[in-house]
Each structure stands twice: as structure tokens, then as C-alpha cells.
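Participant: A structural model of the following input is requested.
(one chain, ligands or ions: 1)
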Amino acid sequence: MHDETVTVTCPTCGKDVAWRADSAHRPFCSERCQLVDLGEWAAERYRVPGEPAETTPGKPDTETLQ
Ligand SMILES: [Zn+2]
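Facilitator: This next block holds a predicted model:
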């Protein structure tokens, strides 16, 4: 029997996703997770390479000590 179900891990939530033709959102488990990942990917693109990131939450700006 070669009936193994291939599963992948949802990049967004880490859930196991059956890799099947009818898994429309693979490798994501759902449309929601797919949209979340696309949103983050788009956000990454907004950061223009070569320009310093001006908004770094959680990181104190140590260059303004003078
Ligand atoms: Zn997911």
C-alpha cells in the first residue's frame, strides 16, 4: 500500500497540513493563515533595503545619548 498522506507544516501556525490537491491553501492550513503570511511578507517589502529602519520596537535608540 502506498497511501501515505504527505503532510507539511503550516508556516503560520505550525499545524500539520495534508498536502493534497484539494488543500487549496497549502502549505497553509487555511486561507486565514495564508493571508497572515502574505501580509507579513508584504510588510517586509515595505522596508526598503539600504535605508535604516526607523521604527524598531523594543530596541532603545542608543545613538541619541549625546
Ligand atoms: Zn495555519
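Participant: now the strands for this structure?
Facilitator: Taking DSSP state E to define them, one finds strands in the chain at 7-9, 16-18.
Participant: including distance to the ion, could these go into JSON lines?
Facilitator: Quick note: C-beta positions are derived from backbone N, CA and C, even for glycine. What follows is the strands of the chain, written out as JSON lines (distance: least, C-beta to the ion, whole Å):
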{"stretch": "strand 7-9", "distance to the ion": "9"}
{"stretch": "strand 16-18", "distance to the ion": "7"}
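Participant: how about these in a markdown table, adding mean neighbour count?
Facilitator: A markdown table is the format used below for the strands of the chain (neighbours: other C-beta atoms under 10 Å):
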| stretch | mean neighbour count |
| --- | --- |
| strand 7-9 | 14 |
| strand 16-18 | 15 |
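Participant: kindly reformat the ones you listed as TSV containing distance to Tyr46 and mean pLDDT.
Facilitator: Shown next, in TSV, are the strands of the chain (distance: least, C-beta to C-beta, whole Å; pLDDT from 0 to 100):
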stretch	distance to Tyr46	mean pLDDT
strand 7-9	27	94
strand 16-18	28	93
